[in-house]
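>>> model the following, please.
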Amino acid sequence: MLENASPYSDSATLPRSKLDVHFLFEGQETAAKCSGQVAGDQVTIIEEEQGTRNSYIGTVEQGGLLIRGTVRCETSGRGNTFEEGSVGSFVMRRLHGKDR
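Predicted coordinates:
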């Protein structure tokens, strides 16, 4: 896990950094518009595509290689496998540029 060497006492007061996020489906990058922010070891990712909006809130693990947390479907559009309001867990792994 990443160590938080910040003088801030909790992630709510940590400065946030933008995160470059891309989603893959069956090895191909999706058309989803994604945005992400990092504060310490906490990550927030928003995925939007075709009327669907999912939020992912998680913790960075294994030296930055994994993010594990909770996904929530805020709005469910065409092709989404989640119903609006549903919540689940997720694990994402970091891919390097050549892996995409």
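>>> for the nearest residue to Leu95 once chain neighbours are set aside, give the beta-bridge partners.
Leaving aside its chain neighbours, Leu95 sits nearest to Leu24 (7.5 Å; criterion: C-beta to C-beta, 6 or more residues apart in numbering). Quick note: C-beta positions are derived from backbone N, CA and C, even for glycine. Taking DSSP bridges as the rule, Leu24 bridges to Glu29.
>>> would you confirm that Leu24 contacts Ala31?
No - counting by C-beta atoms under 8 Å, Leu24 does not reach Ala31; the two are 11.6 Å apart.
>>> of these two, who's got more company?
Shown here are Leu24 and Ala31; by other C-beta atoms under 10 Å, Leu24 has more neighbours (13 against 9).
>>> and that one, what pLDDT?
At Leu24, the pLDDT value in this model is 85.
>>> cool, and Thr70?
pLDDT at Thr70 comes out at 97.
>>> ok, now Thr30?
89.
>>> and it, what does it touch?
Contact analysis of Thr30 by C-beta atoms under 8 Å, 6 or more residues apart in numbering lists His22, Phe23, Leu24, Glu49.
>>> next one: it from Glu49, what distance?
7 Å (C-beta to C-beta, to the nearest Å).
>>> likewise for Glu61?
26 Å.
>>> ditto for Arg72
From Arg72 to Glu49 the distance is 16 Å (C-beta to C-beta).
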